[in-house]
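Trainee: Have a look at this prediction, sequence included:
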Amino acid sequence: MEDVLRIAIQKSGRLSEKSLEIIRNCGIDFTTDSRVLRERATNFPLEFLFVRDDDIPTYVRDGVADIGIVGRNEFDESLCSLDVIKDLGFAKCRLSIAVPNNFDYKDITSLEGKRIATSYPNIMMRILKERGVNAKAVVVSGSVEITPQVGIADCICDIVSTGTTLKMNGLREVEEIYYSSAVMVARPSFINTVSAKTGILTRLLERMDAVEKAKNKKYILFNLPSERLDEAACIIGGMKSPTVTPLMDKAWLSVQSVVSEDRFWSVFEDLKAIGAEGILVMNIEKMTE
Ligand code: ATP
Ligand code: ZN
């Protein structure tokens, strides 16, 4: 049987689209039919399992999938022992404590003895314990914000990204206790074992790196009076010396290089100031060093 790497991805939710986009940007093709729960990429030995995000850590732990993309919060809450092989940096959110507007909150010690409603009891209790606070977790799986109003909790600990939902429910965010983003997980040491599957994973990670490296880089090409070359090299700086091509007119050169996006405008202006002309800027799709 052909070796295939299995990746668990959220079927539909905040992680789904971006997870698939990352794979697609690696040049991996597949058709996504929302009714299909298992799908094989057409040009790479990768198989997708589309599941609920809550199930991803256990599927990876039990070997149903080899790797998975999941929020760090779900992974930590699951208490599954897995390796985070890459922080993907999207789906950023935080776990915060929020209290009703009439709650007299001073600092974290105000939570002593309180009932805190949350869908993340493991993470919450671990952090409160680290901070020396004794509180009681009231575990609910959704609509955490209404629990103080209905009297089953004194305050809440929930995922926040903007805070609007909290405000709409008469709650005030008082402590940010935990930060999350989407991560790629695998079984412990999976990445260090030698097998066809880890070979596929290494190829996938290399492709992801190449896409990432290119993301904040621009390719620039311009004509330059020959005698200003040293100054131009100095302005561009960075990786390696620029590529220089002579032009028919000996007084001019054509120069090409890669510049990071955050420095781009200052490089552009400095090059113009030393007489560069016809500056052409291009996006880079993939890049290795
Ligand atoms: P599923 O049906 O797969 O169980 P879900 O409703 O549990 O989905 P989503 O709401 O799609 O999950 O959120 C998935 C992940 O996105 C969260 O676990 C979290 O890591 C991240 N996230 C980012 N911003 C937010 C937010 N404002 N609210 C909830 N989750 C967020
Ligand atoms: Zn979920």
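Mentor: It's in. Ligands and ions are numbered 1, 2, ... in the order given.
Trainee: mind listing what the residue most central in space within the chain touches?
Mentor: Taking C-alpha atoms, centre = their mean, the centroid of the chain lies closest to residue 89, which sits 1.9 Å from it. Going by C-beta atoms under 8 Å, 6 or more residues apart in numbering, residue 89 touches 181, 182. For every residue, glycine as well, the C-beta is placed using N, CA and C.
Trainee: how near is it to ligand 1?
Mentor: Distance of residue 89 to ligand 1, computed by C-beta to the nearest ligand atom, to the nearest Å: 12 Å.
Trainee: what does the helix or strand hosting residue 222 contact?
Mentor: Element membership for residue 222, per DSSP states H and E: strand 217-225. Strand 217-225 is contacted by residues 232, 247, 251-261, 264, 267-268, 271, 274-284, 287 when judged by C-beta under 8 Å, 6+ apart.
Trainee: and the residues you listed, which of them are in strands?
Mentor: Among these, the members falling in strands (DSSP state E) are 252-260, 277-283.
Trainee: Thought residue 275 was touching residue 228, still the case?
Mentor: Yes - Residue 228 lies in contact with residue 275 (C-beta atoms under 8 Å); the separation is 5.8 Å.
Trainee: Who has more neighbours out of these two?
Mentor: When neighbours are counted by other C-beta atoms under 10 Å, residue 228 and residue 275 differ, and residue 228 comes out ahead with 18 against 15.
Trainee: So what's the residue count around the nearest residue to the more buried one once chain neighbours are set aside?
Mentor: Spatial nearest neighbour of residue 228, chain neighbours left out: residue 274 (4.7 Å); criterion: C-beta to C-beta, 6 or more residues apart in numbering. By other C-beta under 10 Å, 16 other residues sit near residue 274.
Trainee: who touches residue 274 in this structure?
Mentor: Applying C-beta under 8 Å, 6+ apart to residue 274 gives the contacts 224, 225, 228, 231, 232, 235.
Trainee: Nearest to ligand 1 among those residues?
Mentor: residue 235 (40.3 Å; C-beta to the nearest ligand atom).
Trainee: who's in contact with that closest one?
Mentor: 267, 270, 271, 274.
Trainee: Next SSE downstream of the one helix or strand residue 129 maps to?
Mentor: According to DSSP H and E, residue 129 maps onto helix 121-130. Heading C-terminal from helix 121-130, the first helix or strand you meet, by DSSP H and E, is strand 136-139.
Trainee: Packing partners of that next one?
Mentor: strand 115-118, helix 121-130 (3 or more C-beta pairs under 8 Å, 6 or more residues apart in numbering; DSSP states H and E).
Trainee: Flag every buried residue along that strand.
Mentor: The neighbour-count check on strand 136-139 (16 or more other C-beta atoms under 10 Å) flags 137, 138 as buried.
Trainee: Just checking: what are the partner strands of it?
Mentor: Strand 136-139 pairs in its sheet with strand 115-118 (parallel), by DSSP bridges.
Trainee: Averaged pLDDT, the strand it pairs with. What do you get?
Mentor: For strand 115-118, mean pLDDT is 98.
Trainee: how about that strand against ligand 1, any contact?
Mentor: No - contact of strand 115-118 with ligand 1 (C-beta under 6 Å from any ligand atom) is absent, the minimum separation being 12.8 Å.
Trainee: how near is residue 253 to ligand 1?
Mentor: Taking C-beta to the nearest ligand atom, one finds residue 253 at 49 Å from ligand 1.
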